[in-house]
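Q: structure for this input, please:
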Amino acid sequence: MSDSGAGVQRPKRFYKTVTVGPLDGGFAPLLDGRAPKTPAGQRLVLPSEALAALVAEDWDAQTDEIDVARMPAMRMAATALDRVSQAREDVAEEVVRYAGSDLICYFAEHPAGLIAEQEIRWGTLLAWAEVELGLKLERAEGVLHRPQASGALDRARTLALSLDDFGLTALAHATALFGSAVIALALQRGEITGQEAHDLARLDEAWQEERWGVDYEAADRTAARLAEALLLERWFKALR
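A: A predicted model of the protein is given here:
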């Protein structure tokens, strides 16, 4: 696989030690005792020590050069501080948009085995969302779009906006990654793990692989999505 960063001039690693410490009422990763800044110039102050430690792992993992593409927690933290804090309503609308066509609302018309699997796994999660979150989404069969009630979309918006900037950032990221606001909310609440969220989002794909074999060209993308799901699990846990 080619290196997408080939030919890009990366900054040299300019620090020796990475630690975590209190800063400005929160916590920060510290590079030789100093907090790094976001692309917009803000100091990287995070709401919990656990979240700061997660971002610190990205900095500590850098070798001779700093490869931002391999710093997913740092990128998400910077997004929360630089973008989401200034555009919370817009980011919440991204979550609402996915709720309006949520992946796990669209059940297969056939075969019976896949429908049964969806019923067990997707149906259970939809029931959980209705009972625990007050988020009732209507199910459909096939791929034709079925509009959701405005009350359900309003509830999705309320749930998204109830989170702080760091939680909202991760929720929007998770919603886009899984194609499902319900899966993202279940992961955020600790109802499911990152592995379970990943598996739920690719239930149809996995079903096909079991019968027709793995598309190895897509294997790297699948592994990358799983890595994102596992990071999101750790991120949400660090915010609790």
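Q: now do the longest helix seen in the chain, average pLDDT.
A: Ranked by number of residues, the top helix in the chain under DSSP state H is helix 219-239. Along helix 219-239, the predicted local confidence has a mean pLDDT of 96.
Q: and if you look at stretch 20-31?
A: For stretch 20-31, mean pLDDT is 98.
Q: contacts for whichever strand or helix holds Trp207 next, please.
A: Secondary structure here is read from DSSP states H and E; on that basis Trp207 sits in helix 203-212. Outside of helix 203-212, the residues within contact range by C-beta atoms under 8 Å, 6 or more residues apart in numbering are 108, 113-114, 117-118, 121-122, 199, 215. For the C-beta atoms, the positions are set from N, CA and C on the backbone; glycine is no exception.
Q: ok, stretch 231-240 next?
A: Surrounding stretch 231-240, the residues in contact under the criterion C-beta under 8 Å, 6+ apart are 47-48, 50-51, 53-54, 72-73, 76, 164, 166-167, 170, 173-174, 177, 187-188, 190, 193-194, 197.
Q: let's go with 10 Å and repeat that
A: Surrounding stretch 231-240, the residues in contact under the criterion C-beta atoms under 10 Å, 6 or more residues apart in numbering are 46-55, 57-58, 72-73, 76-77, 163-164, 166-167, 169-171, 173-174, 177-178, 184, 187-190, 192-198.
Q: before we move on, what about stretch 63-71?
A: By C-beta under 10 Å, 6+ apart, the surrounding residues in contact with stretch 63-71 are 3-5, 8-15, 36, 39, 55, 57-59, 61-62, 74-75, 77-78.
Q: endpoint to endpoint, it covers what distance?
A: Chord length of stretch 63-71, first to last residue, is 12 Å (C-alpha to C-alpha, to the nearest Å).
Q: got it, and stretch 188-205?
A: Taking C-alpha to C-alpha, the span from the opening residue of stretch 188-205 to its closing residue is 23 Å.
Q: okay, now Glu217: neighbour count?
A: 7 (other C-beta atoms under 10 Å).
Q: flag every buried residue along the longest helix of the chain.
A: Buried residues in helix 219-239, counting neighbours by 16 or more other C-beta atoms under 10 Å, are found at 222, 225-226, 228-229, 231-239.
Q: Arg221 versus the residue nearest the centre of the chain, what's the distance?
A: Centre of the chain computed as the mean C-alpha position; nearest residue by C-alpha atoms, centre = their mean is Ala174, 2.6 Å away. Note on Ala174: its distance to Arg221, by C-beta to C-beta, to the nearest Å, is 17 Å.
Q: with Arg202 instead?
A: Here the criterion is C-beta to C-beta. By it, Arg202 lies 10 Å from Arg221.
Q: ok, Leu31 - contacts?
A: With contact taken as C-beta under 10 Å, 6+ apart, Leu31 is in contact with 13-19, 44, 56, 59-60.
Q: ranking the residues you listed by neighbours, who comes first?
A: Counting neighbours by other C-beta under 10 Å, Ala56 comes out on top of those with 25 neighbours.
Q: excluding its backbone neighbours, what's nearest it?
A: On the basis of C-beta to C-beta, 6 or more residues apart in numbering, the spatially nearest residue to Ala56 that is not a chain neighbour turns out to be Pro29, at 3.6 Å.
Q: before we move on, what about Leu163?
A: Counting by C-beta to C-beta, 6+ apart, Leu163 lies nearest to Leu171, which is 6.0 Å off, once chain neighbours are set aside.
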